[in-house]
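A.B. asks: Here's my sequence, what's the structure:
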Amino acid sequence: MQFKLSAVTLALATLAAATPVARDNECTTGSLQCCSSVQSASSSIVSTLLGLLGIDLSGVTAQVGVTCSPISVVGVGGNSCTAQPACCTDNSFNGVVALGCTPINLGL
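C.D. replies: Next up, the predicted model:
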């Protein structure tokens, strides 16, 4: 009986350790960015910016970060975000827009 209980406990502990947990200050996908705002791809300002950059996201419902810059280490001098921190999957447009963003709370 003790062996079965130990095996079940070990299996549950292993499962809990292997399960990804989203924390407020970590990105599980993409990179941590500081954006002036995070908006729907269909909002007027984002549609205008995407049009100027030649990006077609018609039919896409992803969130888009506007004027984003990377945050390398949270809380280390000069890397705080006073706007909207977000995890973004694509910031290859010189910070004008970042695609696939999810707003997060850094708790700063």
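A.B. asks: where are the low-confidence patches of the chain?
C.D. replies: 1-25, 73-79, 107-108 (pLDDT under 70).
A.B. asks: Partner strands of the biggest strand by length in it, with direction?
C.D. replies: Of all the segments of type strand in the chain, defined by DSSP state E, the longest one is strand 31-40. In the sheet, strand 31-40 lines up against strand 63-70 (antiparallel), strand 84-90 (antiparallel) (DSSP bridges).
A.B. asks: Using PDB, write down the CA coordinates of the longest one.
C.D. replies: This points to strand 63-70. Coordinates of each C-alpha in strand 63-70 appear next as PDB, following Å, rounded to 0.1, in the frame of the first residue of the first chain:
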ATOM      1  CA  GLN A  63      -3.500  41.700 -30.500                       C
ATOM      2  CA  VAL A  64      -0.900  44.100 -31.800                       C
ATOM      3  CA  GLY A  65       1.500  46.200 -29.700                       C
ATOM      4  CA  VAL A  66       2.200  49.800 -30.800                       C
ATOM      5  CA  THR A  67       5.600  51.400 -30.300                       C
ATOM      6  CA  CYS A  68       7.200  48.500 -28.500                       C
ATOM      7  CA  SER A  69      10.700  48.000 -27.100                       C
ATOM      8  CA  PRO A  70      12.300  44.900 -25.500                       C
END
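A.B. asks: Make JSON lines from the strands paired with strand 31-40 and add distance to residue 105 and mean neighbour count to it.
C.D. replies: In this view, the C-beta of every residue, glycine as well, is placed from N, C-alpha and C. Shown next, in JSON lines, are the strands paired with strand 31-40 (distance: least, Cβ to Cβ, whole Å; neighbours: other Cβ atoms under 10 Å):
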{"stretch": "strand 63-70", "distance to residue 105": "15", "mean neighbour count": "22"}
{"stretch": "strand 84-90", "distance to residue 105": "7", "mean neighbour count": "21"}
